[in-house]
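A.B. asks: Fold the following for me, if possible:
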Amino acid sequence: MDGVLLIDKPAGMTSHDVVAAVRRSLGGVRTGHAGTLDPFATGLLLVLVGRATKSQRALMELPKRYETVARLGAVSSTGDTEGEITETGRVPADPPSLATGEIRQRPPVHSAVKIEGERAYRRARRGERFQMPERTVTIYRFEQLWRRGGGSSGEPPTAAYEIECGSGTYVRSLIADLGDAYCLQLRRTAIGPFAVDDAVAPPPRGHPWSDPPLIELDRALGMLRH
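C.D. replies: Residues are numbered from 1 along each chain as shown. Model prediction:
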């Protein structure tokens with residue numbers, strides 16, 4: 001059994017949780033994934049089965065597409081709804097200046113990046129202070145889809161964005177860099193040629209997966225060449 005499973009990760013599960021659920025459902029076969037999603041995020045996760053784990057690097061380097069809804073006029077200590085929220089009332093310009101091309105980015109401290117061998121979010125939750133290293137990432141497209149609320153409406157201002165980016169990009173950091181904003185929702189909709197519309201839910205605990213919707217490895221790698 002060698003191939004790629006397209007999983008639609010729900011909020012609250014870690015990427016490791018999803019991989020473990022697949023491994024159990026397939027009777028302990030070797031599994032991995034190609035690109036972490038934060039627990040609060042939803043959307044496409046590529047779960048690699050059998051020999052597909054040897055293609056992890058090629059699959060992780062594929063471009064990705066995200067949709068996010070942001071709260072404007074406030075900041076979060078984690079860049080999302082799980083952090084300490086501070087209302088500022090300062091709202092980014094409309095239309096905003098949206099960065100594209102190669103940019104320097106510092107991942108949020110509450111992220112899965114490893115610092116000295118340990119996930120940054122674990123160290124942050126213990127109250128440790130440390131500096132996240134900057135990285136160069138590529139933004140292919142950054143588009144505002146809509147903006148609502150604010151002004152005399154009485155509703156908190158929100159906006160939706162669609163982002164196409166290279167591997168290693170943190171959408172939470174992109175949104176925070178707009179000014180006073182943080183992510184309310186974050187969903188990964190595509191990885192290279194693979195789309196979340198074709199994905200399935202993770203298998204429930206204790207549920208054997210006798211006929212998983214596996215994309216065979218040769219076919220999956222062939223999709224990368226088209």
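A.B. asks: quick one, what contacts the spatially most central residue of the chain?
C.D. replies: In the chain, the C-alpha closest to the average C-alpha coordinate belongs to Leu37, at a distance of 4.0 Å (Cα atoms, centre = their mean). Neighbouring residues of Leu37 by Cβ atoms under 8 Å, 6 or more residues apart in numbering: 9, 15, 43, 45, 188. The C-beta positions use only the backbone N, C-alpha and C, and glycine is treated the same way.
A.B. asks: list the contacts for the nearest residue to Arg65 once chain neighbours are set aside?
C.D. replies: Spatially, and ignoring its direct neighbours in sequence, Arg65 is nearest to Ala190 (4.0 Å; Cβ to Cβ, 6 or more residues apart in numbering). Counting by Cβ under 8 Å, 6+ apart, Ala190 touches 44, 64-65, 196.
A.B. asks: domains for the protein, by residue range?
C.D. replies: By the assignment in automatic domain parsing, the chain contains the domains 3-62+193-223, 64-189.
A.B. asks: And the contacts of Leu37, which is the shakiest by pLDDT?
C.D. replies: For the contacts of Leu37, the weakest pLDDT value sits at Ser15, with 92.
A.B. asks: shouldn't Gly32 be in contact with Thr53?
C.D. replies: Yes: between Gly32 and Thr53 there is a contact under Cβ atoms under 8 Å: 4.4 Å.
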